[in-house]
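Trainee: Here is the input, now give the coordinates:
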Amino acid sequence: MHGAGVLIPIVALMIPIVAILSRNIGRLIRLKEKQLEMVGVQSAEKAAQYAAQTERLEQRVRVLERIVTDKGIVVSDEIERLRDDRVN
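Mentor: Got it, this is the predicted structure:
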């Protein structure tokens with residue numbers, strides 16, 4: 001009987017301790033969820049920026065392809081003309 005008499009106060013003290021710990025763990029979990037959500041938003045924004053940059057670069061490449069193929073310009077002659085323009 002003596003063992004049961006000691007266990008009752010220990011259990012009585014453990015209940016609030018467990019409640020406090022579980023509340024704090026719940027807060028920590030919610031904080032981590034918010035942090036992950038923010039990282040996800042930032043990643044999505046970066047992906048959008050990279051996509052926009054890729055699109056701009058693809059447009060520039062298309063323009064260069066048109067210059068080289070559509071106009072029938074001899075590339076070396078055009079480069080030399082541009083160099084002459086830059087020097088003058």
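
Trainee: What is the burial count for Val68?
Mentor: Val68 sits with 13 neighbouring residues when counted by other Cβ atoms under 10 Å. Bear in mind the C-beta positions are built from the backbone N, C-alpha and C, glycine included.

Trainee: Helix, strand or coil: sort out it for me.
Mentor: When classified by DSSP: H, G, I helix; E, B strand; the rest coil, Val68 comes out as helix.

Trainee: Ile10 versus that one, what's the distance?
Mentor: According to Cβ to Cβ, to the nearest Å, Val68 and Ile10 sit 84 Å apart.

Trainee: show me where pLDDT drops low in this protein?
Mentor: 1-3, 70-76, 86-88 (pLDDT under 70).

Trainee: spatially speaking, which residue is in the middle of it?
Mentor: For the chain, the residue nearest the mean C-alpha position is Ser43 (1.9 Å; Cα atoms, centre = their mean).

Trainee: now that one: how far from Gln49?
Mentor: 11 Å.

Trainee: again with Lys34
Mentor: Using Cβ to Cβ, one gets 23 Å for the distance from Lys34 to Gln49.
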